[in-house]
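Visitor: predicted model, plus sequence, below.
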Amino acid sequence: MSAIAAPAAAMPAMDRVRRDSRSLVRAVIGSSVLWMLAALAVWLVVVGTADLAIGLSAPVRFVALPAGVAIAVMMGWRTWVRGRAARSPQQVALWIEERVPSLGFALVTLLDDSLTSHHLAARLETVVESREWSEPVRRAALRALAIPAGVLLGAVVLLLLLPHASVARVARPRPGDVLDGWTPLRHRGSILTPLVATITPPAYTGRRAETVEEPVSLVGIAGSEIAVEGRGDASLLHAQLGDSAQRASADGDRWRVRLRMPDKPMALRLGDGSTERLVTIEPYPDSVPVVNLRIPARDTVLRTAAGTFNLAADASDDIGLAETHFEYIITSGEMEAFTFRTGTLQHNAMHNERHAELAGTLALATLSLKPGDIIHLRAVASDGNTVTGPGRGASETRTIRIARQGEYDSVDVDALPSMLGDTAALSERMLIMLAEELQKRRPHLSRDTVVAESRSIAVDQARLRRRVSDIVFMRISGESSGEESEGDTTKAMTPEQVLAAAESAATRAGGNPLDFSADESPVIAVNRPLLEAYNAMWDAGRSLEIGEPADALPHMRAALAAIQRARLAERIYLRGRPPTQVVDLRDARLKGDRSGAAGSGRVSGPALGLAKSRMAARLAVATAIAGAAPLAAADSLLLLRLEALGSWPAFAGAASKAAADLRGGAAAAADLVRARSALLGEPRHVTGLGAWSEPP
Amino acid sequence: MSPFTFATVQYESGDWDSAPLVPSNIIDTIARYTTIELAPSGIIVPLGSPDLARYPFAYLTGHLPVRFSDAERANAKQWITRGGFLFVDDHNHDVDGQFHKTATEEIARTFGPLVRLPSSHPLYRAFFTFEDGPPTTSHELNGWGDNLVHRYLDAVIVDGKIGVLYSSKDYSSEWNYHPQNKKFFAVDNTKFAVNLVVHALTR
Amino acid sequence: MPLPVRRTVLEGGLRALSIALLAFCFWALMAGQSHNRPVAAVVNGAQLAAWSLSGPDSVHVTLGAAPGAVERDWLAALAGAGTAVTWSGTPVPLAVERIPSADPAGGVAILAAGPSGATVRLADSLGVIDSARLAGAGARFEVSDAGGALTIAAGGEHAGAGARDSIAPRHVAVLGNAEWESRFVVAALEERGWAVDVRLAVAPGIVVRQGSALPLDTTRQSAVVVLDSLSPGDAALVARFVSSGGGVVIVPRAALSLRAIAAGSLQPRVLPELLSFASATPMRALALTPITPRSDAIVLESQGRRAVIVARRVGAGRVIQIAYDDTWRWRMAGVGDAVDEHRAWWARTVAAAAYVPLERAQGPQAGEDRAPLAELVAALGPARAAAPPAAAGGDLRALLPLAGALLFLSLLGEWASRRLRGAP
C-alpha cells in the first residue's frame, strides 16, 4: 500500500485499483465455478457417448461420476490458481499497466510501498486520474465468464441430445440398469441378454430388494418374490421353473417373469426359440428361533408345591422374533390314569428383535399341584415368518416333580442333588481359602495355634463330608446315610469301607441294596462321581486334624474338582432301574405255533451309492463339452449343482464356480478339477501291481 | 456274531420304563417262533448314549410328555440315518394325550414327517400275515385313552425303509405281562412283535 | 622369364582345381538326389508329409520318445509304401491298462508299468490326477471312473488307456440268517447298486427271500456272500458255482461248512484291538477270527500278523474269505462317513471275488495307446543301434560348403595372380 494519501476530490488510484481487483476476483470465482460445471458436463457427455457406443460395464459406470467430479474440481482449482493474482492490488496495477500503456507505470509507481515523496505522489495521482481503464477490466471479466459458460451450454445441449437412459446410467448408475444400455453385437437378436433379476424378500424380514445382473443363480429366503427382466418381445419368451411354465408379461419394450422363491432349489429355464438360459433358484429357509432355558438349569424334585421359581431364558432368531413365552404341561396321575394341563406364562410381543431375554416367575401355589404331579417347563419363541411360518423354537424341557409321601424312588426329596452340589462346592472353596490363609500365616503362629485353627477347619470339613455322603448314598427314606449322622462318630466308616460298599453296590447286577442294619432303610443308589470328593475330604480332614493344612490342601482341591464334575452332570436319574427279566430261551425256542407264518418276499432297497457315480458321469460329459460348448457345459454344471446342494455342498460350490467361469469365458479347468475331487474324492494308489488280479 | 438284543430307550423326560415286562415277553415270543439268535434279556440304553449304536432295534414308550434333549436328538438322528429301527408306542393310546402330542412333535422335529403305513406294507407279512394292518389290542377300547381303534401305524421313512414306527395302539399295555402267562391266552397276542423284529432284521 | 611361367602354371592349376571342384559339387548334388536318405531327429506331421510327397528310398528316425499313435502308423504306412523305415533311440518303455472294477458304482483300476523307480503321473483331460513311483516295474491307481480317457506319463513318455470298457455286473446272492450282519450287508450292496438275491432263514422252513438266490448260476449271479453255515447240499451248490467261475465271500461262521473251497482255516476268535472306531483303521475295532491261509491262497489284508482277508482261486472262480462277522457295528458306530466306508469296503470285497465279464469296446478308442514302445517295435521292428552308413551322395553333400569355399578361393587366387602380372 502506498504511504501517500490520495487527493480527496476524485477517487484515489488505490481505491480504483481495489475496486477493479474485487471485480476481477469475482470474475475468477465465477469462471472457476463455470469451468467446474462445464468440465463435469463435458465428462458426462464423453462417458455417456462411450456407453451409448460400446456399453460400459457397471464397475466403469460406478466410478465415472466420482471421476468426473474430481476432474471438475481440478479444472475449477486450476482456473482459480491462474486467476488468484487478482487479489493483489499491485498485481492488478501491473495487469492494468499492460493494457493501458499511457499510464507509463505511473499507477504501479504510485502503489509502490517505497514511494515516500508526496510531491511525486501527487503528480502521479494526477497522471493516473486522467487515465481510464475500466473497459479492459470489464472485458476481461466478461471473457473469463463467457468461455466456460459457452462450453457448459454446449455440453448441456449435448447431454440433452443424448438418450436419457445413457445419461442416467452414467450419472446415477444402479444395479439392473444394464437393461437401459447398449447390447453387444453378439447378443443382438436374443431377448435373453441382458438379463436382470430382482429378489424381494418377504416384508416381515425388513430386508431390501436385491438386484442381480446376468444372474447365474439366485439365492434368497424362502417366500421371496423374484422378477426376471429382459428386453424384447414377451411373446417370444418361454420360461419354465422346474416342470411348471411361467408366464411372461410385457412392459414397454421389456419382458418380465415374476415368480415366488420355491421351497427347494430349482432351475429356471428361459428360452426365446433359438437360445436358452438357465438360472438356478436356491432358497434358504428362515431358521426357527433358538431358545435356551437357563433357569431352572436342572430337573428338580420338591417335597411340597410351595414357593416360586424364577424362570430365565434367551432366544435368538436369524431375522427377528415375534413372540416369546414359557410353556408348561402339568401331568397328574399314575398307572393308566393320567391327566394333563397345559398353560403359558409371560407372553412377550417382540418387534422383530433378533435376540431376546425371557424372564418370569412360576408360582407353584397357583397351579393346584398334588403329590406326584410333574411340571414340564420350557421356553418358546416364534419368529415373524408370515410366509412359511411362523417358525417356532423351543428350549429343552425341565421337569419339576412334587414328591409323593414315602415314595420309594424319590431318592433325594430333601434337597436337590445339584443344588446341594452347588453349596458343597462353595463350602469346599471356602475351606480351601481358610486352609491357604492358615498356611500363609503359619510361620508367624505357634504350633498350638496352628493345630487349633486347623482342627476348626477340620470340623467344618467333616460336616461338609457328611452332607456329601448324603448324596453319595441315597436311601429309600431319604435319611442321612453312608456314614455317621451329625454328632455320631461311633458308626463312622473309613473311606476304604465306603468305597468297597459303593463298588459293591454299583457293580452288583440287579441293583441289590447295600447291607443295612435293621433300623436303616436300604441304600438304593450310589452317586459315583461324588465318591471321589468324599474320599478326598476324608484325607483332607485327617491332615487338618493333626494340624497340617499344607498336606490337606491337595486333597481339598481334589474334592472341589470332583464336586465340580458332579455339578456338571445336568440330570440325576431319580428312578430305580427295573429288574432284569431273563428269558429261558432254550425252554421257549420254537415252542410257538407257527401255522400261518410264511416266508415273506423282501423288497430291494434304493441304490443310494449310484447317485454319486451318475453325477460323476454327467460331470465328465460337461467337462468334455466345456471347450466346444461352454454355455451348454455351464448349464449342465448348474443343474448338477442343484442336485448336489443338499448332499455334496463342496461339489455344488465348485460346480457353480466352474459354471460362472464358463459363462464369463474364463478358464474353468481348475474349478472343474476341484469339482471332480469334491465329488469323487482323491484317488488311491499303491506301489506294485498287487497280488490279486482283476476280473478276466 | 451279535445276537438280537431288545433295547428299551431311556429318554430324559417321561416314564420310559412304564412297560417293564414287554422286553422279556417279546424276547420269549421271538424265541417261540423263530431261530433268530437272541440275547436272553433286554437292555436299557439311553437315547443320548453312543451305546445306542450297538442296538439297531429299540423300543420307546411312556405316558408322559416326550421332550428330547439336544444330545438325544442328535444321537437318535444319526442312529436312524445309519439304519436304526425305533418302535414308539403310546402307552396312553390317546391321540389327544400329551405323549402322542409331544412324541409326534419330537419325531417330526428330529427324524422327519410321520406318514401312514398302508395295510399292504411288507411289515404286515414279514412273518405272520396281518391282512388288516396292525392287530387291534384289547386296551384300545378299555375306557382309558381315546377309545378309538387305531387302524394304521405311522412311520418315518428313511431311504425307503421304516426308520421310526409309531403306534397309538398301546402294545405296551397289551404285551406287558410275564411270558409265562402266555399259556393263558387262546391266541398269542404278541405275534405282531415277531413281524416287527423280522422286518427290522431283514428289510 | 621363369616367374611368369610358374605363375601361369599356378593359374592353370587353380583353373583346373576350380573346374574339378565345380564338377564335384554338381556330382554331389546329383548323387544326393538320386540316393535320397533322410535322417530325422524329430517326427512331426510336416516331416511326415514331406516324406510322403518325396517318397524316399529309406528313412531313419532318431527318437528321444516313442512317437504317438498317428506318427507311428504314418511311419508304418511309409514302410508299407516301400520306404525302408528304421529307427534308433531309447524311449522309456511304458504301458498302461485300465480295468473297470466289478462294482456297479463304477471305479477303475489303472495298472501302470515302466522302469522301476520312475515316477508316473496319471492324468485325464483336465490335468494330473495322481502320481506314484513305480516299484517292481509297476503301480496301481484306483480312481472313481469319470469315463474320460486317462493317460500316464513318465519322463516325456505317454501311454493312454482310452475310454472305458463296459462291464456287465450280474446279481450278488446273500445267504444267511435274519440278523444284523445280513441286514446291513444286503443294504450296503444294494445301496452300492448291486441287484441282490437274498435268502435269509428265519425259522425252520421259513425264509425271507428276494430274487432267486438258489440255485446259484453264473449267468445270473456274479458272486455269493455266505454269512452263515450252509447245509451240505447248499454248500455243494456254492462250490459248484465257484468252480464254474463265480465268486464267493465267506465269513467265519460260514467257513466250516465251506471248508472245501475256503481260502484258509480259522484261528481262535480275538477281541478288537481298539475300543473305538474313531481311528484311521476302524476295522481294528471289530472282533475277528484270523485265517490261516492255504498254501495256494493269497493274503490280501492283514492286521499285524493276522490274515483278515484271504483270496484263493478255485476252478474258474474266486474265493474271498474274511475274518469279520460283525461289520455292521462299523456302519452303526463308526465316525464320520462310516456308512459310506462300510459300503465301499463291502463293494471292494465283493469286487475282488465277483465274476464280471469285461466287454471291451470295439475298435480303436480315442486317446488309446496302451504300450507305445511295444507298438513301435511291432510296427517298425526293433531299434537299430545307430543310423546306418549313408550312401556316397548323402555324405558328399555334407562337403558341398567346403567345396564351394575352395572353389571361391581358387577362382579368386587365379584372378588375383593374373591381375598382378598385368594379364587381362
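Guide: Structure received. Numbering: from 1, shown residues only, chains lettered A, B, ... in the order given.

Visitor: would you map the helices across chain B?
Guide: Using DSSP state H, the helices of chain B run over B:22-33, B:70-82, B:98-110, B:171-174, B:191-202.

Visitor: of all those, which one comes closest to C:Val85?
Guide: helix B:70-82 (64.3 Å; CB to CB). C-beta here means a position set from N, CA and C on the backbone, and glycine is covered the same way.

Visitor: measure how that closest one sits relative to helix B:98-110, angle-wise.
Guide: Between helix B:70-82 and helix B:98-110, the angle comes out at 70 degrees (axes from the mean of the first three to the mean of the last three CA atoms, to 10 degrees).

Visitor: buried residues in helix B:70-82, which are they?
Guide: Within helix B:70-82, the residues that count as buried by 16 or more other CB atoms under 10 Å in any protein chain shown are B:Glu72, B:Arg73, B:Asn75, B:Ala76, B:Lys77, B:Gln78, B:Trp79, B:Ile80, B:Arg82.

Visitor: reformat the helices of chain B as a markdown table; add distance to chain A and mean pLDDT.
Guide: Output for the helices of chain B, formatted as a markdown table (distance: least, CB to the nearest CB, whole Å; pLDDT from 0 to 100):
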| stretch | distance to chain A | mean pLDDT |
| --- | --- | --- |
| helix B:22-33 | 3 | 95 |
| helix B:70-82 | 7 | 94 |
| helix B:98-110 | 4 | 93 |
| helix B:171-174 | 7 | 92 |
| helix B:191-202 | 6 | 95 |
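
Visitor: tell me which of those sits nearest to chain C.
Guide: Among these, helix B:191-202 comes nearest to chain C, with 4.3 Å by CB to the nearest CB.

Visitor: so what's the residue count around residue 58?
Guide: By default, I'm working from chain A. Number of residues near A:Ala58 (other CB atoms under 10 Å in any protein chain shown) recorded here: 17.

Visitor: wait, chain C was what I had in mind.
Guide: Per other CB under 10 Å, the neighbour tally for C:Ser58 reads 18.

Visitor: ramachandran angles for the residue sitting nearest the centre point of chain C?
Guide: Chain C has C:Val96 as the residue nearest its centroid, 0.7 Å off, counting by CA atoms, centre = their mean. Phi and psi for C:Val96, reported as degrees, to the nearest 10, are phi -140, psi 140.

Visitor: which ones are touching it?
Guide: Counting by CB atoms under 8 Å, 6 or more residues apart in numbering or on different chains, C:Val96 touches C:Ile110, C:Leu111, C:Ala112, C:Ala113, C:Leu150, C:Thr151, C:Ile152, C:Ala159, C:Gly160, C:Ala161, C:Arg370, C:Ala371.

Visitor: could you redo the last one with a cut-off of 6 Å?
Guide: C:Ala112, C:Ile152, C:Ala159, C:Ala161, C:Arg370 (CB atoms under 6 Å, 6 or more residues apart in numbering or on different chains).

Visitor: now do it against A:Ser600, distance only.
Guide: Counting by CB to CB, to the nearest Å, the gap from C:Val96 to A:Ser600 is 49 Å.

Visitor: can you point out the buried residues in stretch A:230-237?
Guide: Those buried within stretch A:230-237 under the rule 16+ other CB under 10 Å are A:Gly230, A:Arg231, A:Gly232, A:Ala234, A:Leu237.

Visitor: pull the helix or strand with minimum mean pLDDT from the chain.
Guide: Answering for chain A, as no chain was given. Counting by mean pLDDT, DSSP states H and E, chain A has its least confident helix or strand at strand A:523-526, which shows a mean of 45.

Visitor: my question was about chain C, not that one.
Guide: helix C:392-396 (a mean of 54).

Visitor: state the pLDDT value of A:Ala492.
Guide: Note for A:Ala492: predicted pLDDT of 47.

Visitor: kindly report the same for B:Pro50.
Guide: So B:Pro50 comes in at 91 (pLDDT).

Visitor: same check on C:Ala195?
Guide: Looking at C:Ala195, the pLDDT reads 92.

Visitor: was I right to think it contacts C:His171?
Guide: Yes - using CB atoms under 6 Å, C:Ala195 is in contact with C:His171, at 4.6 Å.

Visitor: coming back round to it: so what's the residue nearest to the centre of chain C bridging to?
Guide: Counting by DSSP bridges, C:Val96 is bridged to C:Ala112.

Visitor: need phi/psi at C:Gly114.
Guide: According to degrees, to the nearest 10, the main-chain angles of C:Gly114 amount to phi -180, psi -170.

Visitor: and C:Val61, what are its bridge partners?
Guide: With beta bridges defined as DSSP bridges, C:Val61 has these partners: C:Ala40, C:Trp87.

Visitor: ok, now how distant is it from chain A?
Guide: The spacing between C:Val61 and chain A, counted by CB to the nearest CB, to the nearest Å, is 32 Å.

Visitor: counting contacts, what elements does the longest helix along chain A pack onto?
Guide: As assigned by DSSP H, the longest helix anywhere in chain A is helix A:13-54. Under the contact criterion of 3 or more CB pairs under 6 Å, 6 or more residues apart in numbering or on different chains; DSSP states H and E, helix A:13-54 touches helix A:58-83, helix A:89-99, helix A:134-161, helix A:164-171.

Visitor: quick one: residues in contact with the shortest one.
Guide: Counting by CB under 6 Å, 6+ apart, helix A:164-171 makes contact with A:Leu44, A:Val47, A:Gly48, A:Asp51, A:Leu52, A:Arg61, A:Ala64, A:Leu159, A:Asp177, A:Asp180, A:Gly181, all of which sit outside it.
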